[in-house]
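Student: Here is my input; please provide its structure:
(4 chains)
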There are 2 protein chains.
Amino acid sequence: MPAKSSAQIADVPERSSLAAGRNLLFLREEELRLAQDLLFFGYRDFTAGADEILVELGMGRAHHRVLHFVGRRPGITVGDLLGILAITKQSLGRVLQPLVEDGYVTQTPGRNDRRQRLLTLTEKGAALERRLFDRQRETVMRAYREAGPVAVEGFRRVMRGLMGDQARDACDAIEAPPAQGLAR
Amino acid sequence: MPAKSSAQIADVPERSSLAAGRNLLFLREEELRLAQDLLFFGYRDFTAGADEILVELGMGRAHHRVLHFVGRRPGITVGDLLGILAITKQSLGRVLQPLVEDGYVTQTPGRNDRRQRLLTLTEKGAALERRLFDRQRETVMRAYREAGPVAVEGFRRVMRGLMGDQARDACDAIEAPPAQGLAR
DNA sequence: CCAGTTTGGTCAGTAACATTGACGCATCAG
DNA sequence: CTGATGCGTCAATGTTACTGACCAAACTGG
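Tutor: Sure thing, here's the model as predicted:
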């Protein structure tokens, strides 16, 4: 693989530090453009498998996201889910409502706060989520296996770095023990 | 950071290899679900900065993708661009046409094959692409800097692994010397 | 208990991005 | 000349998202 240049430039003799700086800048630019390409292609193909299943059911990626995060945090409130997805109430409603009507998700009033409608996957919902998950599992497992554990750790670090503070908090909250509420 | 478990499970004494297998499976599942989260949040925030600029101009992410790939491969044909983006002619036309009309992209007939309309960024187009690029550069540079070069290499390997064969070819073709045509 | 906030749902309108199928035109290759 | 290719365009459709406004139920502090 030829295009493996990471961060060494100084060993190439340059006429001036200015030229070296330009070269550095160029390499950085190439690196970043490569990152753009990788994220575009990688993300697209990562979601492609699940998308195929979803279209059969007349759903979209948004439905998958709801199933995914409700599955990760059973009993999540609508508000917390909105915070995670960072979409509007209306946008969520449009996908959540059909999911409830079709028996993929149940809404139960909160014990402490009965205004809340705690969201949980039904068996049917969990089964669909698992089906979608298994499809993506193949893709990710293959990538992880080929890349190796060190690369996986690096992948995680970079992806976390790409997130804004808000998303990082939300991500941490999902990963955290499901007892206490999400970051608010 | 507590949730750093990567791939060690055997050190925890288990009652049976079956239980160990279940545990392994569980960890793998958690790993993969984490990957889903990371990709969702990371990709979203990666594109968020550029999206802000685009809405001001009445454009969307699709316009950015065209600017990006035309910028990477000046003189690309419409067909090759379609192959890279993996969208339909109509979808491309809807974004490409305004870009041409508004003077971001020029179409010039191919020298060898005059049916082709080779796409190139105008100065205006290159300026916008650079503006969008600079916005994403901040995000990626920060993530790269915080994660370190080893992590960056790992990130690249995993992202490449997520791609399907077709996307990997397309990605390689973009990275390759811009002389010969894209993989067809 | 009442006022004000919070939680959630819902109305209507708009827009970006993508799809499918069909057709036309110019051009290239045999 | 014929067929295939590259490109553009017609029309209809669907998903995902946005905005602003409004309402009902339930919690919270005084």
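Student: quick one, what contacts the residue lying closest to A:Tyr43 once chain neighbours are set aside?
Tutor: Spatial nearest neighbour of A:Tyr43, excluding adjacent residues (CB to CB, 6 or more residues apart in numbering or on different chains): B:Tyr43 at 4.7 Å. (Glycine included, C-beta is placed from N, CA and C.) Contacts for B:Tyr43 were tallied using CB atoms under 8 Å, 6 or more residues apart in numbering or on different chains; they are A:39, A:43, A:162.
Student: isn't the first one right up against B:Arg160?
Tutor: No - taking contacts as CB atoms under 8 Å, A:Leu39 lies outside contact range of B:Arg160: 11.2 Å.
Student: For DNA strand D, state which of the contacts of B:Tyr43 is nearest.
Tutor: Closest to DNA strand D out of those is A:Tyr43 (13.3 Å), distances taken as CB to the nearest atom of the strand.
Student: Quick check: which element contains the closest one?
Tutor: For A:Tyr43, the element it lies in under DSSP states H and E is helix A:17-56.
Student: hey, C-alpha coordinates of the helix or strand harbouring A:Ala173 in PDB?
Tutor: A:Ala173 belongs to helix A:165-175 when assigned by DSSP H and E. Provided in PDB are the C-alpha atoms of helix A:165-175 (Å, rounded to 0.1, in the frame of the first residue of the first chain):
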ATOM      1  CA  ASP A 165     -19.200  17.900  23.400                       C
ATOM      2  CA  GLN A 166     -22.900  17.300  23.400                       C
ATOM      3  CA  ALA A 167     -22.800  14.100  21.400                       C
ATOM      4  CA  ARG A 168     -19.900  12.900  23.500                       C
ATOM      5  CA  ASP A 169     -22.000  13.300  26.600                       C
ATOM      6  CA  ALA A 170     -24.900  11.600  25.000                       C
ATOM      7  CA  CYS A 171     -22.700   8.800  23.800                       C
ATOM      8  CA  ASP A 172     -21.200   8.400  27.300                       C
ATOM      9  CA  ALA A 173     -24.700   8.300  28.800                       C
ATOM     10  CA  ILE A 174     -25.700   5.500  26.500                       C
ATOM     11  CA  GLU A 175     -22.700   3.500  27.300                       C
END
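Student: Quick one: neighbours of the residue in chain A that chain B sits nearest to, just the number.
Tutor: Nearest residue of chain A to chain B (CB to the nearest CB) works out as A:Gly154 at 2.4 Å. When counting by other CB atoms under 10 Å in any protein chain shown, one arrives at 24 neighbours for A:Gly154.
Student: if I read this right, it contacts B:Glu153, doesn't it?
Tutor: Yes - with contact defined as CB under 8 Å, A:Gly154 counts as touching B:Glu153 (6.4 Å).
Student: that older thread, give me the pLDDT for the residue nearest to A:Tyr43.
Tutor: Looking at B:Tyr43, its pLDDT reads 95.
Student: Quick check: it vs A:Arg61, distance?
Tutor: According to CB to CB, to the nearest Å, B:Tyr43 stands 12 Å off from A:Arg61.
Student: Now the residue of chain A found nearest DNA strand D, what are its backbone angles?
Tutor: Closest approach between chain A and DNA strand D, counting by CB to the nearest atom of the strand: A:Gly60, at 1.2 Å. Phi and psi for A:Gly60, reported as degrees, to the nearest 10, are phi -130, psi -170.
Student: Report the residue spans of chain A with pLDDT below the cut-off.
Tutor: A:1-27, A:177-184 (pLDDT under 70).
Student: Output the set of residues of it in proximity to DNA strand D.
Tutor: A:54, A:58-63, A:65, A:85-91, A:94-95, A:110, A:112-115 (CB under 7 Å from any atom of the strand).
Student: Within reach of chain B, which of those are there?
Tutor: Contacts with chain B within these, counted by CB under 8 Å from any CB of the partner chain: A:65, A:86.
Student: Stretch A:133-144 vs chain B: in contact?
Tutor: Yes - for stretch A:133-144 and chain B, the contact criterion (CB under 8 Å from any CB) is met by A:133, A:136-137, A:139-144.
Student: For DNA strand C, what's the nearest residue on chain A?
Tutor: For chain A, CB to the nearest atom of the strand, closest residue to DNA strand C: A:Gly79, 2.7 Å.
Student: Name the SS class of that residue, please.
Tutor: helix (DSSP: H, G, I helix; E, B strand; the rest coil).
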